[in-house]
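Student: can you look at this prediction? I've put the sequence above it.
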Amino acid sequence: QVQLVESGGGLVQPGGSLRLSCAASGFTFSSYWIFWVRQAPGKGLEWVSVHNIGGGSIYYSDSVKGRFIMSRDNAKNTVYLQMNSLMSEDTAVYYCAKDRLLYGSSWSLDYWGQGTQVTVSS
């Protein structure tokens with residue numbers, strides 16, 4: 001079955017860095033766009049970044065652009081989110097998810113991981 005498992009969250013001080021990982025299994029990882037989505041306490045879901053199949057297109061929300069870097073390793077079926085210059089506003093549960101469309105992007109996500117908590121606080 002399809003599984004997405006996030007790791008790497010934790011407590012970090014403002015200005016610090018964390019790297020999240022998302023290990024995928026149960027589907028042809030290299031054939032799907034993968035997303036990072038977050039949910040801050042008391043707020044709705046917020047799209048953070050998306051990585052296409054070949055790596056030529058990586059998109060970021062304005063709130064993280066210039067601070068976060070998304071990458072993927074198709075040989076390891078893993079995506080990463082390098083988060084730098086973290087701010088308290090980045091505190092959230094971070095999820096990875098896959099697009100439901102094979103070889104394309106529908107921005108409709110059909111499988112999600114369980115999430116990893118990131119807390120930015122001094």
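Tutor: It's in.
Student: tell me who's in contact with L102.
Tutor: 31-32 (Cβ atoms under 8 Å, 6 or more residues apart in numbering). Where C-beta positions appear, they are placed from N, C-alpha and C, glycine not excepted.
Student: what does the pLDDT read for it?
Tutor: According to the prediction, L102 has pLDDT 91.
Student: kindly report the same for G55.
Tutor: Among the per-residue scores, G55 holds a pLDDT of 69.
Student: can you check Q117 too?
Tutor: Looking at Q117, the pLDDT reads 98.
Student: host element of the residue nearest the centre of the chain?
Tutor: Compute the mean C-alpha point of the chain, and by Cα atoms, centre = their mean the closest residue is W36, 2.5 Å away. In the assignment (DSSP states H and E), W36 maps to strand 34-39.
Student: show me the contact partners of that strand.
Tutor: So strand 34-39 is contacted by 20, 22, 24, 45-51, 70, 72, 79, 81, 90, 92-99, 109, 112, 115, 118 (Cβ under 8 Å, 6+ apart).
Student: before we move on, what about stretch 57-65?
Tutor: So stretch 57-65 is contacted by 46-52, 68, 70-71, 83, 89-90 (Cβ under 8 Å, 6+ apart).
Student: for V2, grab the count of nearby residues.
Tutor: 12 (other Cβ atoms under 10 Å).
Student: correct me if wrong: it contacts F29.
Tutor: No: counting by Cβ atoms under 8 Å, V2 does not reach F29; the two are 10.0 Å apart.
Student: circling back: put the buried members of the contacts of strand 34-39 into a ChimeraX selection.
Tutor: Selection of buried members from those for ChimeraX, criterion 16 or more other Cβ atoms under 10 Å:
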select :20,22,24,47,48,49,50,51,70,72,79,81,90,92,93,94,95,96,97,98,99,109,112,115,118
